[in-house]
Each structure stands twice: as C-alpha cells, then as structure tokens.
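In: With the input below, show me the fold.
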Amino acid sequence: MRKTYKFRLYPNKEQTRIIERTLETCRILYNGLLAERRDSYRKTERSPSYHEQKRSLVERKRNNPYMRQVHSQVLQDLTLRLERAFAGFFERTRKGEKAGYPRFKARNRYDSFTYPQYGNGVMLKDGRLTLSKIGVIRIFQHRPIPSNASIKTCTICRDADKLYACFNMELNDAISQDHHELRVGIDVGLKSLVVLSNGEKIEAPKFLRKSEKKLKREQRRLSRKRKSSQNRRKQAITFTRIHRKIKLQRADFNHKLSRMLVNRFDVIGFENLRIPSMMKNHRLAKSIADAGWGQLRVFTSYKAEEAGKTVEVVDPYGTTSDCSTCGFHVSKALSERTHKCPNCGLTLDRDWNAARNVLKRVGWGTAEFTPAETGPLLQQPVVVKQAGSRKQEAHEL
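Out: Below you'll find the model as predicted:
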C-alpha cells in the first residue's frame, strides 16, 4: 500500500529564498507550456504532446538561466502535472461532466514541486534533507520512516508561511492481524457527526463554525488593505493561518476518530454518499464541508487496510426511511428526528436506525447493539421515545 509522511522544514533565509524562486520558475514554466498547448491547438488543431514538451526542456534551459537553477527531474515532473491536468479534462469531457479546462497559475498559486525519484536529487538522513540545487535543510522528523517502506517521491509544499516535505512511500509487507468479525454500521450527519449501529453518538466539532467570527474580522481587515502592498501580503498570511488551523483541527479529530473505529471494529460500513452533489444544496454546503465526511472515510479506509481490517461502502438509498427491524418503509421529513415504525412499533433516533440499516447491508456478523465503554470522543446515546414539537425539531436540525 501507499502512504505519505509529511514533515515540517526549517530552512534558513537563503534556502527559503531559493525555494521561493524555484516555485516561481516552475509556475512561469507551467503557464508557458499551457499557453503553448492552447495556442497550438487554436492554430493547427493539434497540441504538442507530453513527450514533445519534455524534450523541449533542454533547449529552454539553454535560454533561461533560472531554469538551470532547478533540478532537471523537477522540471520533467512539471510537464507530467500538465499532462495529467489535460487527461482529467478530456476524461470529464468524455463523461459529459463539467470539464474544467486547466487553469493558468497566478502568483502565489503554485505551491509545490516534486522530486519524482528519491535518491536522485533528494536524500533524507539524520534529521537533514538534502535537496539538489537548494542545499541541506533542517527537518523535524516527528516519526520514523517504517522499516518496510521504500520512498518513491518527495514533494516540497508551501502552506502560507510554512514549508513541508511530503514523502510518498510504498509499504512492501502488508500488515495482517488475527481478529474476530466484529462489525459496525456508521451513519454520518450534521448534528451528530457519526452515529454507530450500537447507538453511540459522536457530536460534530464544527471547527469552521466556531471560527467564523475571527475569519470575518480578518477578512474585513484584508479587504481594506491596498492591493499589492506589503501590509496586504502580511494580512493574507494571517487570514490563511486561521484556515490552516481549522483544517488541522478537523484532520486531527478525524484521525483520532478513525483510529478509534479501526481499533474497536473489524468490518466498518459507511454509506456511499455523493458528497459533491450534496454540496450543491447551498443551505447545507458549509456545514457538510465543515463535517469532513469524505476525509473521515479516507482516513478510516487506509488505517483499516494497514491493520488488516475492512471498510465497506453500501448504497445509502432507504437507510433513513426503512425500519431497521422489519424493513417497513417510513417516509420522514428532514426535520423529523425520530423513527416510528407503524408496522413493528420500533421507536428510536432516526440516525441510529440508519446506522443499523447500514450494518444490515454490510452483513450482521458479530455486532455490538449496546453501547460499550466510550472514550473521550464519545457520549452515551439517548433513545428518543417521542418526538418534540416541529419548532424544536427544526431547531435541532
């Protein structure tokens, strides 16, 4: 399996300047290659191929002293990025989706470059990262590289005022564990981030909502700064730091939650939600993005694969409306938070009912139906016996 480890870099002022120059050189070259493809197609209805543009780098470097200060494989990987962007564009066009033609990169919008072959221009040893054409940079390696991993690529990323090194590696030996078939179904939502089929609820942390006032304040300050001024650049970094903190808070929470799920269960079931389509609902889009459902599923999937466990996705149709005991279809409005089955008399929280239906579609196996001892992220569920007023239900939503 493939994994990526991300480490913070601490370059000195000269190394920072060289990295910034490298990023700018790559950005200008990317825009030039993109313009070349566009203009050639407009004139001759044929664009230069990836291999043609890759071969042209030799002549370009002769005429551009800045390109000679960038490692050759970094420039070659840049042409591959453009090729992948066009491949995605043509694939979306073929499927009839919104195409999204490759975009020109504005200043400070090109934030990474890649050494595609570890050991050729890049080497990590004893807390130092050696980069060709840049130098030896101090790196904070907060965890060791696994002994069964072989590093494939190294990407240098800029995130506002911080720099990181991302090592993509392949784990050679799959980890397998003896375990029992303990299964769980999971329903994701906005009021409760996840509800397990055993009744446990984990409330949504809502990191973006909690930081909205601060974001609005800093955004107003940014809008008052004169464009292209030094004060505007400083304020833009301040504003970006808040977004970065929200992103890291959400990732940290989802890492801990996914680790808890993988440690406790052997087969984990999620609904196969079409999140991009759900984001078209502009009343709920911000809350859905803040919840991070897709990130949670990705984190759980790779942790489960590493631990020799399984994540399964099921069709979400009917998980909320079908009774988890008898299968009777009970239509509900979004504001109705209680499932009441007129056929078998089952009464419980609608999200718990949905989680049980997910578990049924995964396969019952050995399942928990009573809440186990919960960690600090969890809270005991409440079985709702009667619905509140319509006003209360709308408020809870």
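
In: which stretches of the stretch 101-250 of the chain form strands?
Out: Taking DSSP state E, counting those that start in this stretch as the criterion, the stretch 101-250 of the chain carries its strands at 112-115, 122-125, 128-131, 135-140, 149-159, 162-171, 182-188, 192-196, 201-203.

In: Now render those as a markdown table, adding mean neighbour count, mean pLDDT and distance to residue 307.
Out: In short, each C-beta sits where N, CA and C put it, glycine included. What follows is those, written out as a markdown table (neighbours: other Cβ atoms under 10 Å; pLDDT from 0 to 100; distance: least, Cβ to Cβ, whole Å):
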| stretch | mean neighbour count | mean pLDDT | distance to residue 307 |
| --- | --- | --- | --- |
| strand 112-115 | 20 | 96 | 29 |
| strand 122-125 | 17 | 93 | 26 |
| strand 128-131 | 18 | 95 | 30 |
| strand 135-140 | 15 | 95 | 27 |
| strand 149-159 | 17 | 94 | 16 |
| strand 162-171 | 17 | 94 | 12 |
| strand 182-188 | 24 | 91 | 13 |
| strand 192-196 | 24 | 91 | 18 |
| strand 201-203 | 19 | 91 | 20 |
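
In: Would you mind putting those strands into a markdown table with distance to residue 271 alongside?
Out: Below are these laid out as a markdown table (distance: least, Cβ to Cβ, whole Å):
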| stretch | distance to residue 271 |
| --- | --- |
| strand 112-115 | 33 |
| strand 122-125 | 40 |
| strand 128-131 | 41 |
| strand 135-140 | 38 |
| strand 149-159 | 32 |
| strand 162-171 | 29 |
| strand 182-188 | 7 |
| strand 192-196 | 11 |
| strand 201-203 | 16 |
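
In: how about those, which one is nearest residue 86?
Out: Of all those, strand 112-115 sits nearest to residue 86, with 17.9 Å by Cβ to Cβ.

In: Indicate each strand paired with the closest one and its parallel or antiparallel sense.
Out: Partner strands for strand 112-115, per DSSP bridges, with pairing direction: strand 149-159 (antiparallel).

In: Among the strands of the stretch 101-250 of the chain, which comes closest to residue 210?
Out: Smallest distance to residue 210 across the strands of the stretch 101-250 of the chain (Cβ to Cβ): 12.7 Å, for strand 201-203.

In: What distance do you get for residue 268 to residue 296?
Out: With distances taken as Cβ to Cβ, to the nearest Å, residue 268 is found 11 Å from residue 296.

In: of the two, who's got more company?
Out: When neighbours are counted by other Cβ atoms under 10 Å, residue 268 and residue 296 differ, and residue 268 comes out ahead with 28 against 23.

In: what kind of secondary structure is the more buried one in?
Out: Classification of residue 268 using DSSP: H, G, I helix; E, B strand; the rest coil returns strand.

In: Give me the pLDDT value at it.
Out: For residue 268, the pLDDT comes out at 92.

In: for residue 364, same thing?
Out: Per the predicted model, pLDDT is 61 at residue 364.

In: now swap in the one 5 residues further on and tell me
Out: We have a pLDDT of 49 for residue 369.

In: what does the one 10 residues further on give?
Out: Among the per-residue scores, residue 379 holds a pLDDT of 36.

In: excluding its backbone neighbours, what's nearest residue 22?
Out: Excluding the flanking residues, the one nearest residue 22 by Cβ to Cβ, 6 or more residues apart in numbering is residue 70, at 5.4 Å.

In: and that neighbour, how many neighbours?
Out: 23.

In: swap in residue 81?
Out: 16.

In: my read: it touches residue 27, true?
Out: No: between residue 81 and residue 27 there is no contact under Cβ atoms under 8 Å: 11.3 Å.

In: Tell me how far residue 221 lies from residue 214.
Out: Note on residue 221: its distance to residue 214, by Cβ to Cβ, is 11 Å.

In: hang on, I meant residue 133
Out: 39 Å.

In: What of residue 40?
Out: Per Cβ to Cβ, residue 40 is found 47 Å from residue 214.

In: what does stretch 24-40 rub up against?
Out: Contacts to stretch 24-40, defined as Cβ atoms under 8 Å, 6 or more residues apart in numbering, come from residues 46-48, 53, 60, 66-67, 69-70, 74-75, 78-79, 81-82, 86, 102, 104-105, 107, 109-110, 113.
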